[in-house]
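Colleague: Structure for the following, please:
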Amino acid sequence: QVQLVESGGGLVQAGGYLRLSCAASLNIFSFNTMGWYRQAPGKQRDLVAVITRGCSVNYADSVQGRFTISRDSAKNTVYLQMNSLKPEDTALYSCNAINIQLRNYWGQGTQVTVSS
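Modeller: Alright, predicted model coming up:
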């Protein structure tokens, strides 16, 4: 059974930084894509950043230039480095993975709260 375990969320002041981690229970090259989504209270879940097996990356316009997605295949872990955080970045951040059969997997989420 595939498991994705996020960590690294917390409370930070505006302008600060956090690094989220998503540890997968199997080789991350088993997935076509891995990414981060976020959902703020009362809002829909939105894509933040995604990385493909071939290491192409894509970001939401709202985080472009501030967030960086990366991976460590030896640790089967994907990271989201978040710099220059803003109060509007406050949300539950969830890790997502899509395998070659196009099946979606989700982690339990990690809360990020940015105070003004």
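Colleague: now V48, nearest residue through space, not along the chain?
Modeller: Spatial nearest neighbour of V48, chain neighbours left out: W36 (4.4 Å); criterion: C-beta to C-beta, 6 or more residues apart in numbering. C-betas here are computed from N, CA, C, even on glycine.
Colleague: From the contact counts, what lies against the helix or strand harbouring the one you found?
Modeller: In this assignment (DSSP states H and E), W36 forms part of strand 31-39. Counting contacts by 3 or more C-beta pairs under 8 Å, 6 or more residues apart in numbering; DSSP states H and E, strand 31-39 packs against strand 18-24, strand 46-52, strand 67-72, strand 77-82, strand 91-99.
Colleague: do that again at 7 Å, thanks
Modeller: strand 46-52, strand 91-99 (3 or more C-beta pairs under 7 Å, 6 or more residues apart in numbering; DSSP states H and E).
Colleague: most packed of these?
Modeller: The highest mean neighbour count among the helices and strands packed on strand 31-39, using mean count of other C-beta atoms under 10 Å, belongs to strand 91-99: a mean of 20.
Colleague: Sheet partners, orientation included, of the next helix or strand along the chain from it?
Modeller: Moving toward the C-terminus from strand 91-99, the next helix or strand (DSSP H and E) is strand 104-106. Sheet pairing for strand 104-106, assigned by DSSP bridges, gives strand 91-99 (antiparallel).
Colleague: thinking again about what came up before, ok, how many other residues are close to the residue nearest to V48?
Modeller: Neighbours of W36 under the rule other C-beta atoms under 10 Å: 27.
Colleague: Please consider this matter closed, and thank you.
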